[in-house]
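Trainee: Give me coordinates for this.
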Amino acid sequence: MGVSTDALEQLSNDQVIERAVRGELTEAQIEELDPELARLALIAALQTINQLRGNQPGITPSTPSGQQPVYAKGKQRKRSGKKPGAKPGHQGRRRPMPEQVDRHIEHDELKHCPYCEGEVHAARKHRRRIIVDLPLNLSTETSEHTIPRQWCGTCKQYIEPAVVDAMPKATIGHRAAATMAWFHYGLGITIKNITRIFSQHLKTHLSAGGLVAIWQRMAEELEPWYEQIGEEAKQSAVLHGDETGWRVNGHTHWLWCFTNPRCCYFMIDPSRGSPALLKFFTEDFNGVLITDFWRAYEWVNAAERQYCLVHLLREIETVDEKNVSEEWRAFAKKLKRLIRDGVRLRKLSDEPAKKEHPSKVKRIDERLNALADGAYTDADAKRLAKRLSRHRDWLFTFLDYPDVPWENNFAERQIRPAVILRKNSQSNRSERGAATQAMLMSICRTLELRGHDALTVIADALRQRLIDGHLPPLPGTAVADG
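Mentor: Sure, this is the predicted structure:
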C-alpha cells in the first residue's frame, strides 16, 4: 500500500527508510527526498537484498550448515538417479547374517488363500527369514555375593577373598560401568539420557552423581593407559594436531587433540598457546606434525611440518567474496592452481610419473617461491604472500612423505564427537571432571581406532587389575580375521 506525499512529510527518517525498503514509495517521492536520506534508504535496501540472496556477513564456506539460514543455502543437489548398490563387477555390501540363531519358529501351513479364500496345496518349499530383535525382558543382571570373612592369626585382622566383578565398594559391575562410559565419552550421549536408558529399558535406576563417581574412579584405574597413549603419540612418525573451545566450571578452556590412525590423545587446558603445547611436547618431536596455521604450533620443535592446505583454500574463498581487485584475482588463481597441481602430483602412481616426480616437485617449489616473493599492493594478497613466505618449507611436505596427507581432516574428524558432546552436555563443571573427560575420551577413541570393542577391553582390564593388582598393557591394533 502506497504512502501519500502529505503523509510522507509527517514520518520520521527511520519510518521513511523502512517504507522505501518495502517498496511503498513512488519514484517521484524518492527523488524529492533529502540526498542523505535517500542514500541511507539505498544502503538499507542493499542490505535487505544481500540478506535475501544469502550474502550475509559472517557466513563463510567453513560456516556449519546449522548456522546458516535456510534461504542462504541455495538449491539442494538433486539425487543422481542411479541405482543403489555397488557398481557392476564390485562385491556388494550388506549387513552380515547373525552368527547364532537363538530361537526357531515354525509357521503352520495355510488352509485357505488369504485373498480369495480358495483351497491351497500342501507346501513343497520353505523359505527362511531372519529377524533380529530385543527381548521383552531386557534388563541388567543382579548378582549377590556371599563373602566369607576369616580371621588371620598372623595379621591379626579379618580377611576376605577378592571380588573381581566390580570396583571396590561399587555396586555397578565392570561391563555396565564400561557401557555407561562408552555411551557418554564414545557416543556423546548425555548423562540424563544414560540414566533414562538404564532406568526405562534396563530396569536399573542410577543417579547423575553416581554416574560421575563411577567414571572418575574408572579414570583413576585407567590413567596408565592415558599416559601410554600420550607417549605413543609423541613417538609417532605422523601426528595431527587440532584444538577447539571448551568450558570448565564456566571458564574458558581449550580441548587439544593429538591423533593419528593408531591413537587419539585429548588434553583440556586453560591455555590455547605455547604453555599447553609445551606441557604435552616435553621433548622435540621427531615426526611430521600436521596442523592448521595457528601460530602457537610453531613453539613445537618438530622435525617436519605439514600445514593444512584446506584451511588455505577456505580463506581464499572467503576473501573472494569481498575482494574483487584484479591483483587479488590473479594472485588467488595462481595459488589455487598451485595447490591443485601439488595434490594432483601426489595422486599420480604410474611409473613415468614417478620418474618425473623430483623435477615436478622442484617446479612446484619454484612457483611457490615466485608467489611468496612477489610485490603486491593489495592487502589480502600481501597478507597471504607473507604467510606463504613464512611457511614455504612446510606447505608441500606431503610430496616427500607418502604417509603424510595435505590436509588436517583426520584431526577434525576425531575432535568432532567431542564437539557434539560439548553441545549436548555443556563441557565440564570441575577440573576433575575435565581430567576424567580427557582420559576416557582418549581411551575410547584409541580403542576404536585400533579395532577393539571398548566395552569388553575396559571391563576385562578392570577385572584383571583386581585379580593381580596390575593393569594389562594397552592393546595394539587388532588383526582382522583372514
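Trainee: now Leu33: how far from Leu42?
Mentor: Using Cβ to Cβ, to the nearest Å, one obtains 10 Å as the distance from Leu33 to Leu42. Where C-beta positions appear, they are placed from N, C-alpha and C, glycine not excepted.
Trainee: Looking at those two, which one has more neighbours?
Mentor: Between Leu33 and Leu42, counted using other Cβ atoms under 10 Å, Leu33 has the larger neighbour count: 18 against 14.
Trainee: correct me, but that one touches Val16?
Mentor: Yes: taking contacts as Cβ atoms under 8 Å, Leu33 lies within contact range of Val16: 7.1 Å.
Trainee: hey, what's in contact with both of those two?
Mentor: Overlap between the neighbourhoods of Leu33 and Val16 consists of Ala41, taking contacts as Cβ atoms under 8 Å, 6 or more residues apart in numbering.
Trainee: Can you spell out which residues form a bridge with Arg247?
Mentor: Thr252 (DSSP bridges).
Trainee: so how far is Ile268 from it?
Mentor: 10 Å.
Trainee: Likewise for Trp256?
Mentor: As defined by Cβ to Cβ, Trp256 lies at a distance of 8 Å from Ile268.
Trainee: Let me know the secondary structure of Ala213.
Mentor: Here Ala213 takes the helix state, with states given by DSSP: H, G, I helix; E, B strand; the rest coil.
Trainee: Contact partners for it?
Mentor: With Cβ under 8 Å, 6+ apart as the criterion, no residue contacts Ala213.
Trainee: got a pLDDT number for it?
Mentor: Among the per-residue scores, Ala213 holds a pLDDT of 93.
Trainee: So Arg247 and Ile268 - more neighbours on which side?
Mentor: Counted by other Cβ under 10 Å, Arg247 and Ile268 do not tie: Ile268 has more neighbours, with 23 against 16.
Trainee: helix/strand/coil for the more buried one?
Mentor: strand.
Trainee: what residues are up against the closest residue to it other than its chain neighbours?
Mentor: Nearest non-adjacent residue to Ile268, counting by Cβ to Cβ, 6 or more residues apart in numbering: Ala434, 4.3 Å away. Contacts of Ala434 were listed using Cβ under 8 Å, 6+ apart, and they are Trp246, Val248, His253, Ile268, Ser427, Asn428.
Trainee: Which pLDDT does the model give the residue nearest to the fifth one when sequence neighbours are not counted?
Mentor: Using Cβ to Cβ, 6+ apart and skipping residues adjacent in sequence, the residue nearest Ser427 is Arg247, 3.9 Å away. Looking at Arg247, its pLDDT is 93.
Trainee: likewise Leu11?
Mentor: Model confidence at Leu11, expressed as pLDDT, equals 68.
Trainee: What strand or helix carries the residue at minimal distance from the centre of the chain?
Mentor: Within the chain, one residue has its C-alpha closest to the average C-alpha position: by Cα atoms, centre = their mean, that is Arg416, at 1.6 Å. Mapping Arg416 onto the secondary structure by DSSP states H and E places it in helix 409-425.
Trainee: model confidence over that helix, on average?
Mentor: Per-residue pLDDT values over helix 409-425 give a mean of 92.
Trainee: Any chance you could give me it in PDB, C-alpha atoms only?
Mentor: The C-alpha atoms that make up helix 409-425 are tabulated as PDB, following Å, rounded to 0.1, in the frame of the first residue of the first chain:
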ATOM      1  CA  ASN A 409      40.800 -33.600   8.100                       C
ATOM      2  CA  PHE A 410      41.800 -36.600  10.300                       C
ATOM      3  CA  ALA A 411      42.200 -34.500  13.400                       C
ATOM      4  CA  GLU A 412      38.900 -32.600  12.700                       C
ATOM      5  CA  ARG A 413      37.100 -35.900  12.400                       C
ATOM      6  CA  GLN A 414      38.500 -37.200  15.700                       C
ATOM      7  CA  ILE A 415      37.600 -34.000  17.500                       C
ATOM      8  CA  ARG A 416      34.100 -33.700  16.100                       C
ATOM      9  CA  PRO A 417      32.500 -36.200  18.500                       C
ATOM     10  CA  ALA A 418      33.800 -34.100  21.400                       C
ATOM     11  CA  VAL A 419      32.300 -31.000  19.800                       C
ATOM     12  CA  ILE A 420      28.900 -32.800  19.600                       C
ATOM     13  CA  LEU A 421      29.300 -33.800  23.300                       C
ATOM     14  CA  ARG A 422      30.200 -30.200  24.200                       C
ATOM     15  CA  LYS A 423      26.900 -29.000  22.600                       C
ATOM     16  CA  ASN A 424      24.800 -31.600  24.400                       C
ATOM     17  CA  SER A 425      26.500 -31.600  27.800                       C
END
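Trainee: Mind listing what's buried along that helix?
Mentor: Using 16 or more other Cβ atoms under 10 Å as the test for burial, helix 409-425 gives Phe410, Ala411, Glu412, Gln414, Ile415, Pro417, Ala418, Leu421, Arg422, Ser425.
Trainee: if I read this right, the last one contacts Lys192, doesn't it?
Mentor: Spelled out, it's Ser425. No: using Cβ under 8 Å, Ser425 is not in contact with Lys192, being 9.1 Å away.
Trainee: Which segments of this structure make up each domain?
Mentor: 5-51, 153-307+408-482, 309-399 (automatic domain parsing).
Trainee: which one of these is the most hemmed in?
Mentor: Across the domains of the chain, the average number of neighbours (mean count of other Cβ atoms under 10 Å) peaks for domain 153-307+408-482, which reaches a mean of 17.
Trainee: For stretch 465-472, what is the distance to the chain centroid?
Mentor: Its chain's C-alpha centre and that of stretch 465-472 lie 34 Å apart, by Cα atoms, centre = their mean, to the nearest Å.
Trainee: likewise stretch 407-419?
Mentor: In terms of Cα atoms, centre = their mean, the gap separating the centre of stretch 407-419 from the centre of its chain is 4 Å.
Trainee: again, but for stretch 83-99
Mentor: For stretch 83-99 - counting by Cα atoms, centre = their mean - the centre lies 27 Å from the chain centre.
Trainee: Which residues does it contact?
Mentor: Residues outside stretch 83-99 that contact it (Cβ under 8 Å, 6+ apart) are Ile130, Val132.
Trainee: Need the CA coordinates for it. CSV is fine.
Mentor: As requested, the backbone C-alpha atoms of stretch 83-99 are provided in CSV (Å, rounded to 0.1, in the frame of the first residue of the first chain):
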residue,chain,number,x,y,z
LYS,A,83,20.5,-47.5,-8.9
PRO,A,84,21.6,-48.2,-5.3
GLY,A,85,24.3,-50.7,-4.5
ALA,A,86,27.8,-51.4,-5.7
LYS,A,87,28.9,-51.0,-9.3
PRO,A,88,28.7,-54.0,-11.7
GLY,A,89,31.7,-56.3,-11.0
HIS,A,90,32.2,-55.0,-7.5
GLN,A,91,31.4,-57.0,-4.4
GLY,A,92,28.2,-55.9,-2.7
ARG,A,93,28.0,-54.8,0.9
ARG,A,94,25.2,-55.7,3.2
ARG,A,95,24.7,-56.4,6.9
PRO,A,96,26.2,-59.9,7.6
MET,A,97,24.0,-62.7,8.8
PRO,A,98,23.9,-63.4,12.5
GLU,A,99,26.4,-66.0,13.7
